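J.: The sequence and its predicted three-dimensional model are supplied below.
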Amino acid sequence: MKETLRILVVDDDELDRRTVYLALTQAGVKIELSEVSDAKTAISILRNTTYDCVFLDDRLPDQDGLSLIKKLRASEIKVPLVVITDQGDEHIVVELMKAGATDYLVKSRLSSITLTQVLRHAMRINQVEMQAALAHQQLKESHEQLLRKNQELEKQRQQIQLQNLKLLEVSQLKSQFLATMSHELRTPMNAIIGFAQILLRPKFGKLTYQQADMVERILNNGKHLLMLVNEVLDFAKLEEGRLALQPELFDLAKVTNTAVGEMRSLAEAKKLSLVLKIDTANTVVFNDPVRVKQILLNLLSNAIKFTESGNICVELQELGDNRVAIAVRDTGIGISSQDSQHIFEAFRQLDQTITRKYPGTGLGLAIINSLVQMMGGKIFLESQVGVGSVFRIELPRRISLSPSNKTSGAVQFDSPGIFSVVQTTRSQNSETRI
Ligand code: ADP
C-alpha cells in the first residue's frame, strides 16, 4: 500500500467513525482521515476530492446507503466504496453490490484485520475496474475511429465508382467518335482512290509522264490513308465489341499467297527477299479469310517496315491437336524484351517521337491481338535486337465463335533479348509457353 491513504468515513455515529480510524491505524496503515455524518455532504465532498477508499454506513440520517451509492455511481464517482452494515442480510448485500458498492463489512466483525483486508481488496478491485474501464474506453475510441475510416473508405469507393463510370462513358464516346469519323472519312477516300484509278486508265486519255506520276501518288497515298482509317475503324469496333468474325471454309495457303503477293513490291523496293514456305498438306481452315489476310498483311508490313536488309519468310505449319501456325520471320531491327511487353497495347510504338523513322498508327498489333483472341488462338513472339523477330500465330483449324472466348495477353521471357509473348485464355485460366 502507498505511504498515506486518503480515507473518507461517512457515518452519523462518531463512535463508529472512531472505530474505523483506530482499527486502521492499529493495523499500521497510514491514513489521512476525513469524516462526514450525512449523505448530502458526502456527495458534495466526493465530487471535489479524491479518496483512496470510502467507508460508509448503510443507514444515514438523510438517506440510506443504497440510494447514496446509486447517486455516487450515477455521478461517475469511481472511488472504492465499502459499506459498513449492521446486519449481513444477503439480500441487502446483493442490492448494495449491484448498486456499485465495492465490498461490505458487518459491524460486528469489524477489526483491524478485517478492515485492512477489505480496504486492500476494495482498492485492488477498484484498480482493476479502472483499468478495464480505460481499456473499454480505448476500444470504444478505436471502434469509432474504424467506423470513421470505414465511412471515408466507402465515400472514396463511391467516388472511384463514379469516376469509373465517367471514364467508361468517355471511353465509349471516344470509340463512337472514332467509329463515326473513320466511317465518314472512308467515303471520300474511296472516291479519291476510285477517280485516281479511272484517271490512270488509257481510255480516258493519255497522261503525261509527270501527270501519271502525280495521279499514282494520289492513288498510293489514298490507299495508305484508307488503310489507316480502316485500322482506326477496326480498333473502335473491337473496343466496343462490335466486330464479328465471318467464318467460312477456305484455303489458308491461297490467302497467304495472295497477301505475300500484295506485299512483294514493297519488299522488292527495299531489296528484301520475301519467301513463302508451306509445311502442311491440308491447308483448308474454317475461319474469317478477310481477317486472316488482314493479320498477315499487318505482320508482313511490319516485317518489311522494320527490316533494312536480309529476308522475310512466311511459314505455314501443321500443329497437332487440329491447329495450324502462321509465322512471319524477319531479319530486322528486333524488339527488346522490355519493349515486347508494350507493343501489343493500342497506340504503342517503340519510337514515339514526332520525327520517328517508321510511320504507323500503333494499332496494328493491338488489332491482331484482339482478332487472334477472338479466333481462340495465341500469339508468340521471339526476337533479338539487331537480329530479327518471329511473330507466330497458332490458330485452331476450325474456330468456334463462343462469345466468352475472350482472351488477355501476358509476356514471358526466355532469356534477355530472346523472349516469347504468350496469350492466355480467361476461360482456361492457364498460360501456355512455346
Ligand atoms: P505500327 O506498325 O503502326 O507502329 P504496330 O502495332 O503494328 O504499330 O506495332 C507496334 C510497334 O511494335 C511498332 O511501332 C514497332 O516499334 C514494333 N514492331 C512491330 N513489328 C515489328 C517488327 N517486325 N520488328 C521490329 N519492331 C516491330
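T.: Okay, I see it.

J.: Residue 81 versus residue 44, what's the distance?
T.: According to C-beta to C-beta, to the nearest Å, residue 44 and residue 81 sit 16 Å apart. C-beta coordinates here come from the backbone N, C-alpha and C atoms, glycine included.

J.: no, scratch that, I was asking about residue 316
T.: Distance from residue 316 to residue 81, by C-beta to C-beta: 97 Å.

J.: Ok, residue 11 next?
T.: Taking C-beta to C-beta, one finds residue 11 at 13 Å from residue 81.

J.: can you list residues touching both of the two?
T.: Common contacts of residue 11 and residue 81, defined by C-beta atoms under 8 Å, 6 or more residues apart in numbering, comprise residue 56.

J.: Looking at the two now, which is surrounded by more residues?
T.: residue 81 (28 against 23; other C-beta atoms under 10 Å).

J.: Who is that one paired with across the strands?
T.: Taking DSSP bridges as the rule, residue 81 bridges to residue 54.

J.: who's in contact with it?
T.: 53-54, 56, 69, 72, 100-102, 122.

J.: again, 6 Å this time
T.: 54, 69, 101-102 (C-beta atoms under 6 Å, 6 or more residues apart in numbering).

J.: Please report the distance of the residue in the stretch 101-250 of the chain that the ligand sits nearest to from residue 248.
T.: Proximity of the stretch 101-250 of the chain to the ligand (C-beta to the nearest ligand atom) peaks at residue 231, 7.6 Å away. To residue 248, residue 231 is 23 Å away according to C-beta to C-beta.

J.: neighbour count winner among these two?
T.: residue 231 (20 against 11).

J.: So for that one, what's the pLDDT?
T.: Looking at residue 231, its pLDDT stands at 85.

J.: Ok, residue 396 next?
T.: Looking at residue 396, the pLDDT reads 96.

J.: Give me the domain ranges for the protein.
T.: Listed domain ranges for the chain are 5-110, 165-239, 244-426 (source: automatic domain parsing).

J.: Please name whichever of the ones you listed is nearest to residue 145.
T.: domain 5-110 (23.4 Å; C-beta to C-beta).

J.: Okay, now the closest one: how far is its last residue from its first?
T.: End-to-end distance of domain 5-110: 19 Å, with C-alpha to C-alpha, to the nearest Å as the criterion.

J.: next one: stretch 130-146 to chain centre, how far?
T.: 33 Å (C-alpha atoms, centre = their mean, to the nearest Å).

J.: where exactly do the strands run in the stretch 151-300 of the chain?
T.: 248-251, 273-279, 284-287 (DSSP state E, counting those that start in this stretch).

J.: Count the neighbours of residue 74 for me.
T.: 10.

J.: Give me the phi and psi for it.
T.: phi -70, psi -30 (degrees, to the nearest 10).

J.: do you know how far it is from the ligand?
T.: Per C-beta to the nearest ligand atom, to the nearest Å, residue 74 is found 78 Å from the ligand.

J.: separation between that residue and residue 68?
T.: Counting by C-beta to C-beta - residue 74 and residue 68 are separated by 11 Å.

J.: and if you look at residue 271?
T.: 111 Å.

J.: what's the answer for residue 276, then?
T.: 107 Å.

J.: So the two - more neighbours on which side?
T.: A count of neighbours by other C-beta under 10 Å puts residue 68 above the other of residue 276 and residue 68, at 26 against 15.

J.: Pull the number of nearby residues for residue 197.
T.: Neighbours around residue 197, by other C-beta under 10 Å: 14.

J.: Find me the pLDDT at it, would you?
T.: 92.

J.: If you tally nearby residues, what's the number for residue 368?
T.: Counted with other C-beta under 10 Å, residue 368 comes out at 21.

J.: go on, residue 313?
T.: So residue 313, with other C-beta under 10 Å, has 18 neighbours.

J.: Is it correct that it falls within a helix?
T.: No: Residue 313: not assigned to a helix; according to DSSP: H, G, I helix; E, B strand; the rest coil it is strand.

J.: Beta-bridge partners for it, please?
T.: With DSSP bridges as the rule, residue 313 is bridged to residue 275, residue 329.

J.: Distance of it relative to residue 393?
T.: On the measure of C-beta to C-beta, residue 313 and residue 393 end up 15 Å apart.

J.: and what of residue 196?
T.: 34 Å.

J.: neighbour-wise, which of these two wins?
T.: Set side by side, residue 196 and residue 393 show more neighbours around residue 393, with 22 against 19, by other C-beta under 10 Å.

J.: Show me the strands in the stretch 301-434 of the chain, by range?
T.: Using DSSP E, counting those that start in this stretch, strands in the stretch 301-434 of the chain cover 311-319, 323-330, 378-384, 388-396, 407-415, 418-425.

J.: Those: lowest mean pLDDT?
T.: strand 407-415 (a mean of 36).

J.: Give me the neighbour count for the closest residue to residue 13 other than its chain neighbours.
T.: The shortest distance from residue 13 to any non-neighbouring residue, by C-beta to C-beta, 6 or more residues apart in numbering, is to residue 57 (7.0 Å). A count of nearby residues for residue 57, using other C-beta under 10 Å, gives 24.

J.: Could you do residue 16 as well?
T.: 16.
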